[in-house]
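Engineer: Sharing a model prediction with you, sequence too.
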Amino acid sequence: MTSAITLSTLRAMKKRGEKFATLTAYDASFAAILEASGVEVILVGDSLGMVIQGHSTTVPVTIDETIYHTRCVRQGSANTLLIADMPFMSDATPELALANAARLMKEGGAQVVKLEGGMVIVDTVRLLSERGIPVCGHLGLLPQSINKLGSYRVQGRDEASAQRLLEEAKILEAAGAELLLLECVPAALMKAVSEQSKVPVIGIGAGADCDSQVLVLYDLLGITPGKRPRFSKNFLEGCGSVEAAIAEYVRQVKAGEFPAAEQIIA
Ligand code: KIV
């Protein structure tokens, strides 16, 4: 029997300089394959709004839908650390976030909740953390803010925004965040955040210098409709089966082979 992955497992891996693999999933069957393939962390991302529900953004996803998919994933993977996204505005106030995060844990089986934002979520992260709810702070590109951003583009390119992000990462950690996730930032900025952080840092489209990589499962399998993000990779191509593709992703993340130069944003 495999032993369960916990936050302590990930902290110990970071200390040893050992990378862990993170991947999204939304149902029990894929979750079981991920767990059997050695994925340490499953994220029930609000990307489910795009890849499962067919929306053009993650904004319409509700807390009830996220709980449902989190519960499905938990059924298929008892030993993998399970993070669930707090959908758009389900964390609009610290009190609302506390109530919704508790539902994700009690009804969905999540062990960690992920919130998008920097300074704006600090009080929420502190409250959740004080009440025993582990938080992953999501910085960089914040897909829930797409209507403000206008497009999904790299964040933290100029000195001022890079400095702000570094500061926000520090403040979220001080507020109690147990994990950080950086999306679409330059590789050098990711390296700086990883080096300053005691907590494990997960990256997507943010270079190789971090403790874990995450991809949207459907991007990894090459079945996401439309254009594939430049930082992702179709692992099914050349692997022949879903199981082999996921196992190869895990191998490449742990070996530091993914992301390779062609997936890294300078
Ligand atoms: O919703 C999601 O799948 C995510 C990942 C892209 C990090 O937040």
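Structural biologist: The structure has been received and is ready for your questions.
Engineer: Any idea how many residues pack against the closest residue to the ligand within the chain?
Structural biologist: Using Cβ to the nearest ligand atom, the single residue of the chain nearest to the ligand is Gly45, 2.1 Å away. (Glycine included, C-beta is placed from N, CA and C.) Counted with other Cβ atoms under 10 Å, the neighbours of Gly45 add up to 28.
Engineer: which ones are touching it?
Structural biologist: For Gly45, the contacting residues are 24, 58, 85, 114, 216, taking Cβ atoms under 8 Å, 6 or more residues apart in numbering as the criterion.
Engineer: one more time with 6 Å
Structural biologist: Each residue near Gly45 by Cβ atoms under 6 Å, 6 or more residues apart in numbering is listed here: 24, 85.
Engineer: For it, report the pLDDT, please.
Structural biologist: Per-residue confidence (pLDDT) for Gly45: 98.
Engineer: before we move on, what about the one 4 residues further on?
Structural biologist: Looking at Gly49, its pLDDT reads 98.
Engineer: just checking, it touches Val61?
Structural biologist: Yes. With the criterion set as Cβ atoms under 6 Å, Gly49 and Val61 qualify as a contacting pair; they are 4.0 Å apart.
Engineer: any shared contact partners between the two?
Structural biologist: Counting by Cβ under 6 Å, 6+ apart, Gly49 and Val61 have no common neighbour.
Engineer: how many other residues sit next to Cys136?
Structural biologist: The tally of other residues near Cys136 (other Cβ under 10 Å) stands at 27.
Engineer: What of Gly118?
Structural biologist: Gly118 has 18 nearby residues by other Cβ under 10 Å.
Engineer: which SS state does the closest residue in space to it that isn't next to it in sequence fall under?
Structural biologist: Taking Cβ to Cβ, 6 or more residues apart in numbering as the measure, Gly118 lies nearest to Glu168, with 3.4 Å between them; neighbours along the chain are not counted. Here Glu168 takes the helix state, with states given by DSSP: H, G, I helix; E, B strand; the rest coil.
Engineer: what's the following helix or strand after the helix or strand containing Lys15?
Structural biologist: Taking DSSP states H and E as the definition, Lys15 sits inside helix 7-16. Following the chain from helix 7-16 toward its C-terminal end, the next helix or strand by DSSP H and E is strand 20-24.
Engineer: now for that following strand, which elements pack on it?
Structural biologist: When contacts are defined as 3 or more Cβ pairs under 6 Å, 6 or more residues apart in numbering; DSSP states H and E, strand 20-24 packs onto strand 212-215.
Engineer: Buried residues, the strand it packs on. List them.
Structural biologist: Using 16 or more other Cβ atoms under 10 Å as the burial criterion, the residues of strand 212-215 that qualify are 212-215.
Engineer: now swap in stretch 117-137 and tell me
Structural biologist: In terms of neighbour count (16+ other Cβ under 10 Å), stretch 117-137 has its buried residues at 117-118, 121-122, 124-129, 133-137.
Engineer: Looking at those residues, which is nearest Glu262?
Structural biologist: Among those, Cys136 lies closest to Glu262 (Cβ to Cβ), at 27.4 Å.
Engineer: looking at it, the closest one is touching Val113, isn't it?
Structural biologist: No. Under the criterion of Cβ under 6 Å, Cys136 makes no contact with Val113, lying 7.2 Å away.
Engineer: Near the ligand, which residues of the stretch 51-200 of the chain are found?
Structural biologist: Applying the criterion Cβ under 6 Å from any ligand atom, the portion of the stretch 51-200 of the chain that neighbours the ligand consists of 85, 181, 183.
Engineer: Report the secondary structure state of the nearest residue to the first one once chain neighbours are set aside.
Structural biologist: Right, the one you point to is Asp85. In space, Asp85 comes closest to Asp46 once its chain neighbours are excluded; the distance is 4.2 Å by Cβ to Cβ, 6+ apart. Under three-state DSSP, the three-state class of Asp46 is coil.
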